[in-house]
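1. I'd like to go over a predicted model; first the sequence, then the structure.
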Amino acid sequence: MSNKSKPLSDQATQLLVSKIKQAIGSGLYRPGEWLKQIDLEATYSVNRFTVRSALSELHGSGFLQHVPYKGYRVIEHSLQERMAITEARELVECAVAAGVMLNMDEAGLKELESLALMFREAVQQQDLARMMELNFAFHRCFNEYCRNPHLSRMVDEMRERGVGSADRGWTKRSTQEASAQDHLDMVDALRERNLIRLQALIHIHLNRWRESYTELNA
């Protein structure tokens, strides 16, 4: 069924789902935070039926946790869950990298480089919300070049579900700066057509968050 033939209620639900995902990804809604139906209705100017449908869908896709008689809250992954998500992401994203390299063009390289430089600027300004927004934008752009919309969407959702306490992984300025350099190095690897280097960088980049956990538990 095309978007034109979908009921308006379905379109409204999908639009709200998209907006709440963006809010979670940007850090507007924090891990463990309760999402109140009345607040969502006011914030997004939608009715309660649309809110209920969107919350149910976000619960089913792993973005929210449903607690009976209490409501919905942003999911907060345990350390073990996050490690498992990272392992799964690495397997998939390293495979995706081959398609990305095959299809990458000069326009894509310029866009990725621009996003990487803006991310580095956000690090310098210590704008966490902007950092998260640009990090997602960089990786979405990267994954689009695998030319498989289903696969790129799956990778994007794995990243955004797994963000959990991503800000905790960026508690150190040195980790933030290293992540910014990873982005620029990934662009260089694409320019060089060096798949082995690109996959090694993906491994390093996906595991940056572990540094803060290691220090906190030391």
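-> Here it is on my side, so go on.

2. helices of this structure, start to end?
-> Applying DSSP state H to the chain gives helices spanning 8-26, 37-44, 48-60, 79-103, 106-125, 128-144, 149-162, 166-169, 173-192, 195-206, 210-216.

3. report the angle between the fourth one and helix 128-144.
-> What separates the directions of helix 79-103 and helix 128-144 is an angle of 50 degrees, with axes from the mean of the first three to the mean of the last three Cα atoms, to 10 degrees.

4. list the residues that contact the spatially most central residue of the chain.
-> When Cα atoms, centre = their mean is applied to the chain, the residue found nearest the centroid is Glu160 (3.2 Å). Contact analysis of Glu160 by Cβ atoms under 8 Å, 6 or more residues apart in numbering lists Lys21, Ile24, Gly25, Phe63, Phe136. Any C-beta I mention is one placed from the backbone N, CA and C, and that applies to glycine too.

5. now do the fourth one, the pLDDT please.
-> Looking at Phe63, its pLDDT reads 89.

6. and what of Met186?
-> What the model reports as pLDDT for Met186 is 98.

7. before we move on, the earlier item: and the helices of the chain, which is most packed in?
-> helix 128-144 (a mean of 20; mean count of other Cβ atoms under 10 Å).

8. which residues sit against it?
-> Residues outside helix 128-144 that contact it (Cβ under 8 Å, 6+ apart): 25-28, 93, 96, 100, 108, 111-112, 115-116, 118-119, 122-123, 151-152, 155-156, 159-160, 163, 166-167, 170, 176, 179, 183, 186.

9. can you tell me how far Val92 sits from Glu57?
-> Val92 sits 22 Å away from Glu57, taking Cβ to Cβ, to the nearest Å as the criterion.

10. same question but for Glu157, I mixed them up
-> Noted for Glu157: a distance of 12 Å to Glu57, by Cβ to Cβ.

11. was I right to think Pro61 contacts Met154?
-> Pro isn't right for residue 61; it's Ser. No: here Ser61 does not reach Met154: they are 11.0 Å apart, not a contact under Cβ atoms under 8 Å.

12. need phi/psi at Arg147.
-> According to degrees, to the nearest 10, the main-chain angles of Arg147 amount to phi 60, psi 30.

13. quick one: it and Asp105 touch, right?
-> No: proximity of Arg147 to Asp105 does not meet the contact threshold set by Cβ under 8 Å, at 11.3 Å.

14. neighbour count winner among these two?
-> For Arg147 and Asp105, the more surrounded residue by other Cβ atoms under 10 Å is Arg147, and the numbers stand at 12 against 9.

15. which ones are touching Arg197?
-> Shown in contact with Arg197 (Cβ under 8 Å, 6+ apart): Ala189.

16. repeat for the one 4 residues further on
-> Shown in contact with Leu201 (Cβ under 8 Å, 6+ apart): Asp182, Asp185, Met186, Ala189.

17. what's the distance between it and Leu184?
-> 10 Å.

18. what does Asn135 give?
-> Using Cβ to Cβ, Asn135 is found at 13 Å from Leu184.

19. measure Val67 to His59 for me?
-> Between Val67 and His59 the computed distance is 10 Å (Cβ to Cβ).

20. correction: the previous question concerned His139.
-> 24 Å.
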